[in-house]
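Engineer: coordinates only, sequence not included:
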């Protein structure tokens, strides 16, 4: 009877322990957001877009594939770097005589048990060369890049520079719409300027945490 009593006492303890260990090993919810900066491409005279088509003539040069995998340096894990991928891509594109990438796709993979830790980065696209030699600034001006719509108002990138980005809007955005835009596209904190249609003077800007109203030369907290 003493033996039976021991099993009765130990068995519930084993069940509780098993449940505790099982629950503790389950992955926890996790989310992550990235904003990737393509300015290194434009600074090197390379047109880049995630769109599969463009409205200028080009010659396809080949498929672009770039991969970066994480690994251990001594006992420290080093995550893969998108910057390393971009640097390699720019070198390959320039050495091939191409001047553009279309259909750019980037896939981030992480460990299932550690979703906050990247395991690999995979980048693909099509390398192209424009038929007519067109400076990158002219390409960006004539071929605006669609970003999003804020309450039905289309927003496009018309110029990317290392120190800022110019945005063209189909209609005037108000302050709240400017804030909504910035929540979606902050461009890493670079200065932004907003232009209406083909007008040459910006009506709003964003810099250092403030909205700049150019019509009144006033600064509004973002």
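Structural biologist: Yep, it's here. What you see is a predicted model, and the numbers here were worked out from it, not measured in a lab. Numbering: from 1, shown residues only.

Engineer: buried ones in stretch 79-99?
Structural biologist: 80, 82, 85-86, 89-90, 93, 98-99 (16 or more other CB atoms under 10 Å). (Glycine included, C-beta is placed from N, CA and C.)

Engineer: same deal with stretch 181-188?
Structural biologist: 181, 185, 187.

Engineer: mind putting those into TSV with distance to residue 66?
Structural biologist: Shown next, in TSV, are the buried residues of stretch 181-188 (distance: CB to CB, whole Å):
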residue	distance to residue 66
181	30
185	24
187	22
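
Engineer: re the thing from before, so of the buried residues of stretch 79-99, which ones are in strands?
Structural biologist: Using DSSP state E, no member of the buried residues of stretch 79-99 falls within strands.

Engineer: possible to save these as CSV with pLDDT and distance to residue 63?
Structural biologist: Below are those laid out as CSV (pLDDT from 0 to 100; distance: CB to CB, whole Å):
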residue, pLDDT, distance to residue 63
80, 84, 20
82, 84, 19
85, 88, 15
86, 90, 17
89, 92, 12
90, 91, 16
93, 91, 12
98, 89, 12
99, 86, 16
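
Engineer: which ones among those map onto helices?
Structural biologist: 82, 85-86, 89-90, 93 (DSSP state H).

Engineer: and of these, the nearest to residue 214?
Structural biologist: residue 86 (33.2 Å; CB to CB).

Engineer: now do the contacts for the closest one.
Structural biologist: Contacts for residue 86 were tallied using CB atoms under 8 Å, 6 or more residues apart in numbering; they are 40-41.

Engineer: need the contact list for residue 185.
Structural biologist: 35, 147-148, 155.

Engineer: ok, these vs residue 65, which is closest?
Structural biologist: residue 35 (23.4 Å).

Engineer: sheet-wise, list the partners of the host helix or strand of residue 206 with their directions.
Structural biologist: When elements are assigned from DSSP states H and E, residue 206 belongs to strand 204-207. Paired with strand 204-207 in the same sheet, following DSSP bridges, are strand 191-196 (antiparallel), strand 210-213 (antiparallel).

Engineer: highest mean neighbour count out of these?
Structural biologist: Across the strands paired with strand 204-207, averaging neighbours per residue (mean count of other CB atoms under 10 Å) puts strand 191-196 on top, at a mean of 19.

Engineer: run through who's touching it.
Structural biologist: Here strand 191-196 makes contact (CB under 8 Å, 6+ apart) with 158, 163-169, 171-173, 178, 182, 201-207.

Engineer: mind listing the strands for the chain?
Structural biologist: Going by DSSP E, the chain shows strands at 47-48, 58-69, 71-73, 76-78, 100-110, 118-130, 145-150, 153-161, 164-169, 191-196, 204-207, 210-213, 218-221.
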